[in-house]
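1. just coords:
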């Protein structure tokens, strides 16, 4: 079945760039998403990319998609302490109602 | 526009007790979902409803039942709570591009 893999932890210094990586197995993925979960809250969509795109940029966020390697990354420029959260990668195949989520990457930003 | 609301926010049950978690969305979404989140396990789908009048099992449905009362509301029932059901429960609904909107969660402890 489908699988989405992420590393569990990432620690960066404030002001540096953060890169969170994700790999997936479903070659029929249509949409790929990045969600952010702050402590005690539900997940919120940060950004998404269609499978026919290679890159999407939105202010400090850059999403890169390598379809050949089934690899998705999220780059956060100028990382701030407010970016500390758990980041989930998710994918969904065309015609499906059910996204597959990774287990989440805990981003820790220290001064 | 409240988005996705969940009640209660916190609940403590004794083993064997029953309860219903309530969820409502005001975004006119067709699809709704119930997930549980446990440390290190990411999100696991319990049940989903692709549209009003339909419900389907997800990855971990045992011990749970659901009702799609109308387009807005999707409830999750624990008939006989067990300690293994201690978790954080999230309700979500999805838009046409399959972006998921999450509620704030219900933190359930079963003693």
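-> Structure received. A quick note: this is a predicted structure, and the numbers were derived from the prediction, not measured.
2. Report the secondary structure state of residue A:64.
-> strand (DSSP: H, G, I helix; E, B strand; the rest coil).
3. which ones are touching the nearest residue to it once chain neighbours are set aside?
-> Among residues not flanking residue A:64 along the chain, residue A:73 sits closest, at 4.8 Å (C-beta to C-beta, 6 or more residues apart in numbering or on different chains). In this view, the C-beta of every residue, glycine as well, is placed from N, C-alpha and C. By C-beta atoms under 8 Å, 6 or more residues apart in numbering or on different chains, residue A:73 lies in contact with A:19-22, A:63-64.
4. now do residue A:27
-> Taking C-beta under 8 Å, 6+ apart as the test, what residue A:27 contacts is residue A:70.
5. I'd assumed it was in a helix, is it?
-> No - counting by three-state DSSP, residue A:27 is located in no helix; its state is coil.
6. number of nearby residues for residue 85?
-> Chain wasn't specified; assuming chain A. 21 (other C-beta atoms under 10 Å in any protein chain shown).
7. could you do chain B instead?
-> 19.
8. pretty sure it is touching residue B:109, no?
-> No - applying C-beta atoms under 8 Å as the test, residue B:85 and residue B:109 come out as separate, 9.4 Å apart.
9. Would you mind measuring from residue B:26 to residue B:95?
-> In this structure, residue B:26 and residue B:95 are 13 Å apart, going by C-beta to C-beta, to the nearest Å.
10. do residue B:21 as well
-> Residue B:21 sits 22 Å away from residue B:95, going by C-beta to C-beta.
11. Ok, residue A:33 next?
-> On the measure of C-beta to C-beta, residue A:33 and residue B:95 end up 12 Å apart.
12. ok, now residue B:32?
-> Distance of residue B:32 to residue B:95, given as C-beta to C-beta: 12 Å.
13. who's more crowded, these two?
-> Each of residue B:32 and residue B:95 has its neighbours counted (other C-beta under 10 Å); residue B:32 has more, 29 against 14.
14. and that one, what are its bridge partners?
-> residue B:49, residue B:93 (DSSP bridges).
15. For it, give me its contacts.
-> Each residue near residue B:32 by C-beta under 8 Å, 6+ apart is listed here: B:23, B:25, B:48-49, B:68, B:74, B:91-94.
16. Same check on residue A:5?
-> A:22-24, A:102.
17. Can you tell me which residues in chain B are near chain A?
-> B:4, B:31, B:40-43, B:45, B:48, B:50, B:58, B:90, B:92, B:94, B:97-105 (C-beta under 8 Å from any C-beta of the partner chain).
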